[in-house]
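Student: Sequence and predicted structure, then a few things I'm wondering about:
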Amino acid sequence: MHTDSLILAILIFAAALLYSSVGHGGASGYLAAMALFGLAPEAMKPAALSLNICVALIATWRFSRAGYFSWPLFWPFAASAVPFAFLGGALTLPDQFYKPIVGAVLLFAAYRLFRHFPATGTATRPVSLPIAVASGSGIGLLSGLTGVGGGIFLSPLLLFMHWADVRHTSAVAAPFILANSIAGLLGHLTSVKYIPAPIVWWIPAAILGGFIGAELGSRRLASPMLRRLLAVVLVIAGVKLIVT
């Protein structure tokens, strides 16, 4: 294996560990890492989504076993997001119009997450079904367009609306990302030319990082640490969208 592929595998491992600890799949981190190494755009999206599916599947399993998953919280967002993620995955829009805007929103969300956050045990309120369906549709479309799973959009929404605490947010974000990533990848199938050969090294790195991160996030890390990790995820994703 070439040195570049080894370094990229290490970066993928680190991204998978960080993102899975907060119930995310890591597609934004993978895309950013692959961009640094000059991979072709037509290879980046399917590779990142494939890695995202692996890690989100692990995070879904770990957080569900820990007892934090909530079906009533999950289904309104997923049911409306998945078809739009497929649609977004099949579309190609000029990056310069939406990436800087989305990046700025994520950076602001990270700032709010550091400054204002409900403590563990703070009462949550029921999800508004119309808002959940509408926001799920928008998140799904943005997920498909950007090639990520949507957790970077769903998580701050759940937290800021007081619909879930940090661990329930992570437990819902993981399967939401899994479903959107599968739909987005299917939407891209008609335009996918190839998947880079070194992905055979990247998948084990992502799986290992995903297992470690999901274990830490679902059982061992305190909620304040999860909050900071989630804010870091949003910063990474926001900067990546702005500079690429």
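Tutor: Everything's here; your move. Residues are numbered from 1 along each chain as shown.

Student: From now on I want contacts and neighbour counts done on CA atoms only, so please keep to that.
Tutor: Fine.

Student: Next, the contact list for S143, please.
Tutor: A85, G88, G89, G149, G150, N180, G184 (Cα atoms under 8 Å, 6 or more residues apart in numbering).

Student: remind me, longest helix of this structure?
Tutor: If you go by DSSP state H, the chain has its longest helix at helix 41-65.

Student: Report the distance from that one to the chain centre.
Tutor: The chain centroid and the centroid of helix 41-65 are separated by 8 Å under Cα atoms, centre = their mean, to the nearest Å.

Student: How about residues contacting the helix or strand following that helix?
Tutor: Using DSSP states H and E, the helix or strand that directly follows helix 41-65 along the chain is helix 71-90. Helix 71-90 is contacted by residues 127, 129, 132-145, 147, 172, 176, 179-181, 183-188, 190 when judged by Cα under 8 Å, 6+ apart.

Student: how about 6 Å then?
Tutor: With Cα atoms under 6 Å, 6 or more residues apart in numbering as the test, helix 71-90 has contacts from 132-133, 136-137, 140-141, 143-145, 172, 176, 180, 183-184, 187-188.

Student: of those residues, the lowest pLDDT goes to which?
Tutor: Lowest pLDDT within the contacts of helix 71-90 is found at L145 (80).

Student: what's the nearest residue to that one if we skip its chain neighbours?
Tutor: Spatial nearest neighbour of L145, chain neighbours left out: G88 (4.6 Å); criterion: Cα to Cα, 6 or more residues apart in numbering.

Student: now swap in E215 and tell me
Tutor: Leaving aside its chain neighbours, E215 sits nearest to R62 (6.6 Å; criterion: Cα to Cα, 6+ apart).

Student: quick one on the thing from earlier: compare the contacts of helix 71-90 and tell me which is most surrounded.
Tutor: Compared across the contacts of helix 71-90, G140 has the highest neighbour count, 37 neighbours, by other Cα atoms under 10 Å.

Student: I'd like the distance between that residue and I58.
Tutor: 21 Å (Cα to Cα, to the nearest Å).

Student: Repeat that for S143.
Tutor: 20 Å.

Student: I'd assumed T124 was in contact with H162.
Tutor: Yes. Using Cα atoms under 6 Å, H162 is in contact with T124, at 5.1 Å.

Student: For the two, indicate the residue with more neighbours.
Tutor: Per other Cα under 10 Å, whichever of H162 and T124 has more neighbours is H162, with 18 against 14.

Student: That one is in what secondary structure piece?
Tutor: Per DSSP H and E: nothing holds H162, as it lies in no helix or strand.
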